[in-house]
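**Student:** coords below, sequence missing:
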């Protein structure tokens, strides 16, 4: 039987922990709370909304009463922007065998207006009551009923950061929480305490900062890896200026009369615990000698000004790194730490190729370990505006170009999306077609961005559609949808439309346990 959100809880025993939490009069940025007190054996957690110093008044207003063991329990309280009084009692059935001191805390007001922003649940089989998920567009952790339970405090976000500039919010193997915002990489604990705040020194990019973007993940040894950006200026020996209505602003004229073109290339950087660079790979070293920059447009400029790396996956066991590039529909496999390119998956330019889409994937996002030596990707499938994203699992063959065998795929649907959202979806498709017509490059493959897929502990897949789709779902290997939701914003009255999320990320019960108790 499905329980209401405030009695849904996880119980964990940590014999070494004895401190009281939440600390007295603390102000919390979450309603999903790890309560702890020095109470051995059978205990009971009691919570009352409001601030009480009198035991009789407190006991008359208790709304949550839950059994616990050794004074440790995780549960939700109902509201943000509220005060609470709580205590642990000990003994059988919570009879008083210890001084039951009253404790107090409050929850901070939620950063979003829930009457204007919501997470609408489409369907739920009830399979995942102990799971939660992050959505970066709202900087929020939600329970599986769509209720916000944690948020990134405003003071932890770089000033002037737009909602669309806040990306890749997730927890990690260390139990901390990380994200990328406005060229900045940040790490916080569950209480919102800032642990890492860096834009990098620019030792890899050659600039003053590393221009972090898209993705960051932490390794068990405390190191972390992320994507940066490097701008390289290439010669255009045959460039002929034209009178295009859409000039390429990446092109400049040097003092000697020659033309140059600025190309953005991705970097992959590994930092140690002290944020010192211990390994890096510059994609420019591969690309400037590759097929991409042996071909020019009729006016002499390069057709690709941004290869747009947007995903990394480090296979620690086999010491290989996968880097995905959306704008050229390509994945490069690199030997770590030697930085040798082992394989290239995706199309290569030749005299007959007019664009950079391919039969394997197009405008892809996210790479991960599917197990048994296989990899999975989120394929935005953006070769046409009518195509739906796919989740695909590939088996690597012999390391040659495009030597991938597709062994499973799931094509996403818009089932559950409202008629109003379909209208917005269609308008975006019109804009998509307009952008393609305006593009000078013959290899334009679309504007769909973002998306995520994660393999869950039970082998099923958590999927986050993005761009003009904005739908979250859990799918099993038989392609059954076990849960789905859509983030929405109110336009007016009862008219809602989807709120496009760059990435959402699932949090398992084990990961939740580590995340909540990591700061203690």
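**Tutor:** Okay, I see it. None of the values given here were measured: they were computed from a predicted structure.

**Student:** OK, contacts around the closest residue to residue 254 other than its chain neighbours?
**Tutor:** If the residues on either side of it in the chain are set aside, residue 254 comes closest to residue 260, at 5.8 Å by C-beta to C-beta, 6 or more residues apart in numbering. C-beta: built from backbone N, CA, C; applies to glycine. For residue 260, the contacting residues are 233-236, 251-254, by C-beta atoms under 8 Å, 6 or more residues apart in numbering.

**Student:** Show me how to select, in ChimeraX, the buried members of those residues.
**Tutor:** Burial among these is assessed by 16 or more other C-beta atoms under 10 Å; the matching ChimeraX selection reads:
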select :234,236,251
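
**Student:** Okay, now the unreliable bits of the chain?
**Tutor:** 1-18, 91-99, 243-248, 350-358, 384-386, 398-402, 418-448, 468, 519-520 (pLDDT under 70).

**Student:** element containing the residue nearest the centre of the chain, please.
**Tutor:** With distances taken as C-alpha atoms, centre = their mean, the residue of the chain nearest its centroid is residue 168 (3.0 Å). Remark: residue 168 resides in strand 166-171, with elements defined by DSSP states H and E.

**Student:** So which other helices or strands are in contact with the next helix or strand after that strand?
**Tutor:** Helices and strands here follow DSSP H and E; after strand 166-171, the next one along the chain is strand 177-181. Applying 3 or more C-beta pairs under 8 Å, 6 or more residues apart in numbering; DSSP states H and E, we find strand 177-181 packed against strand 166-171, strand 184-188, strand 213-218.

**Student:** Quick one: name whatever helix or strand follows the last one.
**Tutor:** Right, strand 213-218. Scanning forward in sequence from strand 213-218 by DSSP H and E, the next helix or strand is strand 224-236.

**Student:** What angle do strand 184-188 and that next one make with each other?
**Tutor:** If you take axes from the mean of the first three to the mean of the last three C-alpha atoms, to 10 degrees, strand 224-236 sits at 180 degrees to strand 184-188.

**Student:** Can you tell me the strand partners of strand 224-236 and which way each runs?
**Tutor:** Using DSSP bridges, the strands paired with strand 224-236 in its sheet are strand 213-218 (antiparallel), strand 259-271 (antiparallel).

**Student:** Can you classify residue 286 as helix, strand or coil?
**Tutor:** Secondary structure state of residue 286, per DSSP: H, G, I helix; E, B strand; the rest coil, is helix.

**Student:** swap in residue 44?
**Tutor:** strand.

**Student:** what bridges to it?
**Tutor:** residue 67, residue 89.

**Student:** where along the stretch 251-400 of the chain do the helices fall?
**Tutor:** Taking DSSP state H, counting those that start in this stretch, the helices of the stretch 251-400 of the chain run over residues 283-287.

**Student:** for the stretch 51-200 of the chain, what spans make up the strands?
**Tutor:** Taking DSSP state E, counting those that start in this stretch as the criterion, the stretch 51-200 of the chain carries its strands at 64-69, 72-76, 83-90, 103-107, 117-124, 132-135, 140-143, 148-151, 166-171, 177-181, 184-188, 194-198.

**Student:** As CSV, those with distance to residue 268 would be great.
**Tutor:** As requested, the strands of the stretch 51-200 of the chain are exported to CSV (distance: least, C-beta to C-beta, whole Å):
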stretch, distance to residue 268
strand 64-69, 45
strand 72-76, 36
strand 83-90, 45
strand 103-107, 39
strand 117-124, 33
strand 132-135, 23
strand 140-143, 28
strand 148-151, 30
strand 166-171, 15
strand 177-181, 14
strand 184-188, 13
strand 194-198, 16
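
**Student:** Can you say which of these is nearest to residue 479?
**Tutor:** strand 117-124 (14.3 Å; C-beta to C-beta).

**Student:** Give me the helices and strands touching the closest one, please.
**Tutor:** Judged by 3+ C-beta pairs under 8 Å, 6+ apart, strand 117-124 is in contact with strand 481-492.

**Student:** Against residue 73, how distant is residue 34?
**Tutor:** 8 Å (C-beta to C-beta, to the nearest Å).

**Student:** Next one: the closest residue to residue 514 other than its chain neighbours from residue 334, what distance?
**Tutor:** In space, and not counting its chain neighbours, residue 514 is closest to residue 175: 3.8 Å by C-beta to C-beta, 6+ apart. From residue 175 across to residue 334, the span is 28 Å (C-beta to C-beta).

**Student:** Please apply the same query to residue 277.
**Tutor:** From residue 277 over to residue 334 the distance is 17 Å, taken as C-beta to C-beta.

**Student:** Residue 37 too?
**Tutor:** For residue 37 relative to residue 334 (C-beta to C-beta), the value is 50 Å.

**Student:** Give me the more crowded residue out of the two.
**Tutor:** Per other C-beta atoms under 10 Å, whichever of residue 37 and residue 334 has more neighbours is residue 37, with 25 against 22.

**Student:** from memory the more buried one sits against residue 68, does it?
**Tutor:** No - in this structure residue 37 lies outside contact range of residue 68 using C-beta atoms under 8 Å: 9.2 Å.

**Student:** In this structure the residue nearest to the centre of the chain contacts residue 185, no?
**Tutor:** No - look at residue 168 against residue 185 with C-beta under 8 Å: they stay out of range, at 9.5 Å.

**Student:** which residues do these two both contact?
**Tutor:** With C-beta under 8 Å, 6+ apart as the test, residue 168 and residue 185 both reach 178, 216.

**Student:** Neighbours of residue 457, how many?
**Tutor:** Around residue 457 there are 11 residues (other C-beta under 10 Å).

**Student:** I misspoke; the intended subject was residue 108.
**Tutor:** Residue 108 is flanked by 17 other residues according to other C-beta under 10 Å.

**Student:** just checking, it touches residue 27?
**Tutor:** Yes - using C-beta under 8 Å, residue 108 is in contact with residue 27, at 5.6 Å.

**Student:** Can you point out the buried residues in stretch 308-328?
**Tutor:** Within stretch 308-328, the residues that count as buried by 16+ other C-beta under 10 Å are 308-315, 320-328.

**Student:** ok so, going back, show me the two of the contacts of residue 260 that sit farthest apart.
**Tutor:** The span of these, defined through C-beta to C-beta, is set by 234 and 253 at 14.0 Å.

**Student:** Could I get the contacting residues of residue 185?
**Tutor:** Counted by C-beta under 8 Å, 6+ apart, residue 185 has contacts 178, 196-200, 212, 216, 224, 226.

**Student:** Need those in a markdown table (columns: distance to residue 455 and neighbour count).
**Tutor:** Below are the contacts of residue 185 laid out as a markdown table (distance: C-beta to C-beta, whole Å; neighbours: other C-beta atoms under 10 Å):
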| residue | distance to residue 455 | neighbour count |
| --- | --- | --- |
| 178 | 19 | 22 |
| 196 | 26 | 17 |
| 197 | 30 | 13 |
| 198 | 29 | 15 |
| 199 | 31 | 17 |
| 200 | 30 | 23 |
| 212 | 25 | 26 |
| 216 | 19 | 24 |
| 224 | 21 | 22 |
| 226 | 21 | 24 |
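
**Student:** TSV for those residues, including distance to residue 457?
**Tutor:** Written out in TSV, the entries for the contacts of residue 185 read as follows (distance: C-beta to C-beta, whole Å):
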residue	distance to residue 457
178	20
196	27
197	31
198	31
199	34
200	33
212	29
216	22
224	23
226	25
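
**Student:** Name the nearest of these relative to residue 41.
**Tutor:** Closest to residue 41, out of all of the contacts of residue 185 and judged by C-beta to C-beta, is residue 178, at 37.6 Å.
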